[in-house]
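>>> Give me the fold of what follows.
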Amino acid sequence: AFVGTVATTLIQLKPYDPESKGIVERANQFLETSFMPGRTFRSPDDFNTQLADWLPIANSRVVRRIGGRPIDLVSVDTAAMLSLPPVPPQTAAYSQIRLPRDYYVRVHGNDYSVDPWAIGHLVEVAADLRQVAVTREGRVLAEHERRWSRGLTVTDPLHVKSAARLREKFQQPMPVAAGEDRLMRDLGDYDRAFGVEFPCTASCNDDWVQ
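Numbering: from 1, shown residues only. The predicted structure follows:
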């Protein structure tokens, strides 16, 4: 959906093959050796904030490979780019899952709680760089801050309380009206439910049917 909106092509390379994407690996190595040493980061947002403050300094140096300073060539690259589409591209990852009995969904290695009233129903999961949201037919069931570690369980206390209420309601026996026997049911209900009809014979009046 993203590449279609911005009129581009996705080229997926083999894993563990850094030689095929050297331009990306060189940029990562430059950050690891020139930007990250001696710094600490509290969150991805803090990382991006510090990087945005540092990039104008780094881009002011002359790079021999491109024959100039990156800060002077940004306008050249921008002029060669296509204009942005009128509709913003889809940047979140969407999936659909049937909510299990433990009312958690797994997104990128972490488990996030969901309102348990939707157990057994199909829910839509949307995850971007900042948030994980779960909805069903337009109703918001969960909103969590995106966690970047793995193996975490993120629980909303409201979902725990909702699960306790549902569990208590399920464990309470339903009242039975006077004279009502819930164990007895007309077997003809099943015939009507499945749309079948058996012709009546002389044995219909007997106590058993062969």
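
>>> what residue ranges in this protein score low on pLDDT?
Counting by pLDDT under 70, the chain has low-confidence residues at 174-186, 198-210.

>>> same thing but at 90, please
1-27, 42-45, 63-68, 70, 73-78, 81-92, 129-130, 138, 148-149, 166-210 (pLDDT under 90).

>>> Please enumerate the helices of it.
2-5, 22-30, 44-58, 70-80, 157-171, 188-194 (DSSP state H).

>>> Among these, single out whichever gets nearest to Trp148.
Evaluated over the helices of the chain, closeness to Trp148 peaks at helix 44-58, with 6.0 Å, by CB to CB. C-betas here are computed from N, CA, C, even on glycine.

>>> ok, and for that closest one, which residues are buried?
For helix 44-58, burial by neighbour count (16 or more other CB atoms under 10 Å) applies to Phe47, Gln50.

>>> what does it rub up against?
With CB atoms under 8 Å, 6 or more residues apart in numbering as the test, helix 44-58 has contacts from Phe30, Leu31, Ser34, Phe35, Arg39, Phe41, Pro70, Ile71, Leu129, Trp148.

>>> Just the buried ones from those residues, in PyMOL syntax?
Here is the PyMOL command that picks out the buried ones among the contacts of helix 44-58, judged by 16+ other CB under 10 Å:
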select buried, resi 31+35+70
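
>>> Taking the contacts of helix 44-58, tell me the two that lie furthest apart.
Greatest spacing in the contacts of helix 44-58, by CB to CB: Ile71 and Trp148 (29.8 Å).

>>> and the contacts of helix 44-58 as TSV, adding distance to Ala92?
As requested, those are exported to TSV (distance: CB to CB, whole Å):
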residue	distance to Ala92
Phe30	29
Leu31	25
Ser34	32
Phe35	28
Arg39	29
Phe41	23
Pro70	30
Ile71	32
Leu129	9
Trp148	16
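
>>> Closest to Leu141 out of the contacts of helix 44-58?
Leu129 (20.7 Å).

>>> Spit out the contact partners of the residue nearest to that closest one when sequence neighbours are not counted.
Spatial nearest neighbour of Leu129, chain neighbours left out: Arg146 (6.4 Å); criterion: CB to CB, 6 or more residues apart in numbering. Taking CB under 8 Å, 6+ apart as the criterion, Arg146 is in contact with Ala127, Asp128, Leu129, Arg130, Gln131, Val132.

>>> Quickly note the distance from Arg146 to Val140.
Separation of Arg146 from Val140 (CB to CB, to the nearest Å): 16 Å.

>>> Now do the domain split for the chain, please.
For the chain, automatic domain parsing gives the domain ranges 2-80, 93-171.

>>> Run through the residues that contact Tyr94.
Contacts of Tyr94 (CB under 8 Å, 6+ apart): Glu124, Val125, Ala126.
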